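Undergrad: predicted model follows, preceded by the sequence.
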Amino acid sequence: MKRLLLILLFVTAATTLIAQTRTVRGMVRDENGQPLAGVKIEPINQSRHCTTQQNGYFSIKVDIHTSQIVASYNGYESQILDIDSSFLIFNLVAVRELSPYAETTKEEVVSPAETTTKETVSSAYRSVDTSSNRNNSTTEDTIVDDGEVMIKCQIMPRFQNGDIKTFIKWATNKLNNSSTVNRIGFQGVVTVEFIVNTNGNVSDIKIIKSQNVEIGNEVIHILKTSPKWTPGYHNNTPVRIKQVIPLEFR
């Protein structure tokens, strides 16, 4: 009788413990959008952790009361995210010993009429002519990409007066009402990448992860019908922004 009681207590305790946890999934990528393997994923104020796989994905059980999770990787700045969805995306930025402008050398050319100061920036960054704004200070995040496609900017793109979550909701509703999706009866998560251009149009749509080719094609088809976005802005200039989102099918 005592043994049976102990077994019942053990089962009850195990069930309670399982009920108090939830699974958090996601991916980690670098500033160029490439997946990072071996990144340490650790819930805030918990001792457990996991590391990302070769494709950058991770899955970890956390306490139901845990609200934040941190990604840490040697040579990159750690990032903390709120656990506000079932799929999280970390964008880690490499630690730079130099400032975002890299090393500069100043060369002065003096003429009878004027003195011109010229800055030569290393090839990793674009050249900056400071002759017209020498007295203006510049924040550290002035240059965050190669000038073509960015993953972060001062004002991120907006969709129908909302953020990326608004777009995920729009796309998910469209897909879950799609005749193709209903015919296949697909359930799962598809990860898709796309670019929001300076004119607000969506382009360069790519499926990152999908268990069904036909569903992947349907995702691309739906995203091509996206209404225009309000583009992202950096230094008061519209920029192209790469987005990676999970779309859940139920």
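TA: All right, it came through fine. These numbers were taken from a predicted model, which means no experiment stands behind them. Numbering: from 1, shown residues only.

Undergrad: which elements pack onto the one helix or strand T172 maps to?
TA: Element membership of T172, judged by DSSP states H and E, is helix 164-176. Packing partners of helix 164-176 (3 or more Cβ pairs under 8 Å, 6 or more residues apart in numbering; DSSP states H and E): helix 213-224, strand 237-249. The way it works is simple: take the backbone N, C-alpha and C, and place the C-beta from them, glycine included.

Undergrad: buried residues of that helix, list them for me.
TA: Applying a neighbour-count criterion of 16 or more other Cβ atoms under 10 Å, one finds I164, F167, I168, W170, A171, T172, K174, L175 buried in helix 164-176.

Undergrad: give the closest residue to the second one in space, chain neighbours not counted.
TA: Read it as F167. Spatial nearest neighbour of F167, excluding adjacent residues (Cβ to Cβ, 6 or more residues apart in numbering): F159 at 4.1 Å.

Undergrad: tell me how far that neighbour lies from T230.
TA: Separation of F159 from T230 (Cβ to Cβ, to the nearest Å): 8 Å.

Undergrad: now L92
TA: Note on L92: its distance to T230, by Cβ to Cβ, is 27 Å.

Undergrad: more crowded one of those two?
TA: L92 (19 against 15; other Cβ atoms under 10 Å).

Undergrad: if I follow the layout properly, F167 ends up in contact with I245?
TA: Yes. Under the criterion of Cβ atoms under 8 Å, F167 makes contact with I245 at 7.2 Å.

Undergrad: report the secondary structure state of V24.
TA: Assigned by DSSP: H, G, I helix; E, B strand; the rest coil, the conformation of V24 is strand.

Undergrad: I'd like the next helix or strand past the helix or strand of the chain with the lowest mean pLDDT.
TA: In the chain, no helix or strand scores lower on mean pLDDT, DSSP states H and E than strand 115-121, which sits at a mean of 35. Using DSSP H and E, the helix or strand that follows strand 115-121 towards the C-terminus is strand 149-150.
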